[in-house]
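Undergrad: fold the following, please.
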Amino acid sequence: MTKTPVETLRWRAWLLTDTPASRHHAKLSAFYKGWLSFRGNTMAMVGLWILICLILAALFAPLLSPHDPFAQNLGNRLQPLGSHNHVLGTDSLGRDILSRLIYGSRITLYIVGLVALIAPITGLLVGTVAGYVGGWTDQILMRITDIFLAFPRLVLALAFVAALGAGIENAVLAISLTAWPPYARIARAETLTIRSSDYISAIQLQGAGALRIITKHIWPLCISSLIVRVTLDMAGIILAAAGLGFLGLGAQPPSPEWGAMISEGRRFILDHWWVAAVPGMAIFTVSLAFNLLGDGLRDVLDPKDSEK
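TA: Now for the predicted structure:
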């Protein structure tokens with residue numbers, strides 16, 4: 001049933017009210033106001049739409065791909081852009097580049113999704129425990145964090161993959177192990193600020209234990225900062241995954257991983273530049289989309305930081 005303009009205005013006024021009637025109403029109102037602020041950022045919306053297109057391409061890859069991404073046809077090898085039946089050309093084995101890009105988006109989202117789950121949760125656990133407990137626990141956990149931060153992320157990921165073995169799962173684990181320290185730093189800084197608040201003292205006087213205070217009262221206040229940091233870090237995660245794939249330590253052939261596609265195409269970069277340039281542009285576009293989305297989320301979730 002379609003809503004009338006009067007009903008739409010009534011809902012809008014209900015969501016924009018300054019006096020919510022319940023906690024649920026307040027959450028809906030805050031979410032709607034945040035969405036309006038985010039929607040006003042044109043570049044953030046561009047990034048959001050690019051990522052939506054990426055997700056749809058990954059979900060409907062069998063329907064969108066014009067060819068089998070693994071089918072080889074040496075008679076059609078290294079076809080140029082715009083050739084018949086191959087809009088983005090073919091690679092050295094005659095495989096359609098567009099189809100491999102579409103299926104490669106699944107691998108990209110798989111890596112991004114797993115790292116975005118593992119690294120922030122690990123950093124949140126380490127940072128909040130270190131910040132709330134303090135003392136020698138804080139010193140030990142932060143020194144471990146400093147050790148991880150002392151190494152360049154890609155170099156450390158290469159070391160982990162070399163120890164664990166090549167493969168997409170090991171690449172995800174290696175990237176996650178190198179990505180959690182910044183989240184731990186953020187969570188610790190937030191916890192040190194929150195720990196000295198009056199309402200935390202009141203909760204302690206009511207008999208709440210450390211576990212309940214950390215999970216129920218500190219974690220929710222750290223989430224917004226971590227979400228912004230995760231979104232901004234996605235570009236680095238994609239580049240790290242592409243770097244491992246380029247070196248042959250990520251997804252293994254014939255998997256259509258974008259970094260591996262660039263590695264294969266580098267042999268033909270002078271005469272058949274599109275073989276490496278097309279997946280490179282895909283990596284650039286998705287990384288830029290995550291950065292634009294992260295900037296928009298930072299303006300909404302952390303307005304004080306965006307004003308600096």
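Undergrad: neighbours of D138, how many?
TA: 18 (other CB atoms under 10 Å). Bear in mind the C-beta positions are built from the backbone N, C-alpha and C, glycine included.
Undergrad: quick check: it touching G131?
TA: Yes. Here D138 reaches G131: they are 7.0 Å apart, a contact under CB atoms under 8 Å.
Undergrad: overlap in contacts of the two?
TA: Common neighbours of D138 and G131 (criterion: CB atoms under 8 Å, 6 or more residues apart in numbering): R188.
Undergrad: tell me which helix or strand the most centrally placed residue in the chain sits in.
TA: Nearest to the geometric centre of the chain sits M234, at 3.6 Å (CA atoms, centre = their mean). Assigned by DSSP states H and E, M234 falls within helix 219-246.
Undergrad: tell me which helix or strand comes right after that helix.
TA: Assigned by DSSP H and E, the successor of helix 219-246 is helix 258-265.
Undergrad: name the helices or strands packed onto the one helix or strand L297 maps to?
TA: Per DSSP H and E, L297 falls inside helix 274-301. Secondary-structure packing of helix 274-301 (3 or more CB pairs under 8 Å, 6 or more residues apart in numbering; DSSP states H and E): helix 23-39, helix 42-59, helix 97-133, helix 219-246, helix 258-265, helix 303-306.
Undergrad: would you mind telling me which of the ones you listed is nearest R10?
TA: Taking CB to CB, helix 23-39 is the member of the helices and strands packed on helix 274-301 nearest to R10, at 13.6 Å.
Undergrad: contacts for that closest one, please.
TA: Contacting residues not belonging to helix 23-39 are listed as W14, L15, L16, T17, P20, A44, M45, G296, L297, D299, V300, L301 [CB under 8 Å, 6+ apart].
Undergrad: and the helix holding L297, how far from the chain's centre?
TA: Averaging C-alpha positions (CA atoms, centre = their mean, to the nearest Å) puts helix 274-301 10 Å from its chain's average.
Undergrad: circling back: adding distance to N170 and mean pLDDT, write the helices and strands packed on helix 274-301 out as CSV.
TA: Below are the helices and strands packed on helix 274-301 laid out as CSV (distance: least, CB to CB, whole Å; pLDDT from 0 to 100):
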stretch, distance to N170, mean pLDDT
helix 23-39, 36, 83
helix 42-59, 22, 94
helix 97-133, 12, 92
helix 219-246, 9, 87
helix 258-265, 15, 90
helix 303-306, 35, 51
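Undergrad: most tightly packed of the ones you listed?
TA: Sort the helices and strands packed on helix 274-301 by mean neighbour count, taking mean count of other CB atoms under 10 Å, and helix 258-265 sits at the top with a mean of 24.
Undergrad: that older thread, is the residue nearest to the centre of the chain in contact with I111, as I believe?
TA: No. Here M234 lies out of contact with I111, judged by CB under 8 Å, at a distance of 9.9 Å.
Undergrad: give the buried residues for the helix holding L297.
TA: Burial within helix 274-301, assessed by neighbour count using 16 or more other CB atoms under 10 Å, is assigned to 274-280, 282-283, 286-287, 289-301.
Undergrad: stretch 200-220 too?
TA: I200, I203, I213, I214, I218, W219.
Undergrad: okay, that stretch in CSV with CA atoms only?
TA: The C-alpha coordinates for stretch 200-220 follow below in CSV (Å, rounded to 0.1, in the frame of the first residue of the first chain):
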residue,chain,number,x,y,z
ILE,A,200,31.0,4.1,35.1
SER,A,201,31.7,4.8,38.8
ALA,A,202,27.9,4.6,39.4
ILE,A,203,27.7,1.3,37.7
GLN,A,204,30.6,0.0,39.8
LEU,A,205,28.9,1.1,43.0
GLN,A,206,25.8,-0.9,41.9
GLY,A,207,28.0,-4.0,41.8
ALA,A,208,28.6,-4.5,38.1
GLY,A,209,31.7,-6.6,37.3
ALA,A,210,34.5,-5.7,34.8
LEU,A,211,33.1,-8.0,32.2
ARG,A,212,29.6,-6.5,32.3
ILE,A,213,31.0,-2.9,32.2
ILE,A,214,33.3,-3.7,29.2
THR,A,215,30.7,-5.5,27.1
LYS,A,216,27.6,-3.5,28.0
HIS,A,217,28.9,0.0,28.5
ILE,A,218,32.3,0.4,26.9
TRP,A,219,32.0,-1.6,23.7
PRO,A,220,28.9,0.2,22.4
